[in-house]
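Enquirer: This is a predicted model, with the sequence first.
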Amino acid sequence: MFAGAPAGWHDSLPERYSQLQTTGGWFNFDFVGSDGWISARNEHADCEMWSRHPEIREPIRRQFPNSKCPRSSQQTAIETLVKNIDQGTPSLCSGEYGREVLEIAIALRESDLRGSQKMELPLADRSLKSG
């Protein structure tokens, strides 16, 4: 962290999950599992996955395909949506996919709040929220 740079943590998440630089910065996410983790940096422009070597159990980095993007995935998503509206073309990602992703995010948060309890999908409790 840069000296004097304001940063905030969401109240319900430990700092290992989410960091927000409040001066035009970025989000960083680390999803930590029992045998590895996924890191998304710079608004998802840089992603990597760490797991354990199956034989020696040492951590190994696995690169996501095309993980080094020159801009954030959010910018690409908005530009693509505008293009779909302008050209009347269907979106590559349906609202159903978005709902499923939101449910996964809610399950990740709820698992952490419950002490890393395993969550079954689809979630039985439809009243859970993301924040």
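Expert: Structure received. Numbering: from 1, shown residues only.
Enquirer: for the chain, which spans come out with low pLDDT?
Expert: Judged against pLDDT under 70, the low-scoring parts of the chain cover residues 1-27, 42-45, 63-73, 131.
Enquirer: And the strands in it?
Expert: Assigned by DSSP state E, the chain shows strands spanning 7-8, 18-21, 27-32, 36-41, 46-52, 59-63.
Enquirer: Direction included, what does the third one pair up with?
Expert: In this case it means strand 27-32. Sheet pairing of strand 27-32 (DSSP bridges) gives strand 18-21 (antiparallel), strand 36-41 (antiparallel).
Enquirer: In JSON lines: the strands of the chain, plus distance to residue 128 and mean neighbour count.
Expert: The way it works is simple: take the backbone N, C-alpha and C, and place the C-beta from them, glycine included. Below are the strands of the chain laid out as JSON lines (distance: least, Cβ to Cβ, whole Å; neighbours: other Cβ atoms under 10 Å):
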{"stretch": "strand 7-8", "distance to residue 128": "23", "mean neighbour count": "12"}
{"stretch": "strand 18-21", "distance to residue 128": "18", "mean neighbour count": "16"}
{"stretch": "strand 27-32", "distance to residue 128": "18", "mean neighbour count": "16"}
{"stretch": "strand 36-41", "distance to residue 128": "22", "mean neighbour count": "16"}
{"stretch": "strand 46-52", "distance to residue 128": "26", "mean neighbour count": "15"}
{"stretch": "strand 59-63", "distance to residue 128": "30", "mean neighbour count": "10"}
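Enquirer: how about those strands, which one is nearest residue 85?
Expert: The closest of the strands of the chain to residue 85 is strand 27-32. By Cβ to Cβ, the value is 25.6 Å.
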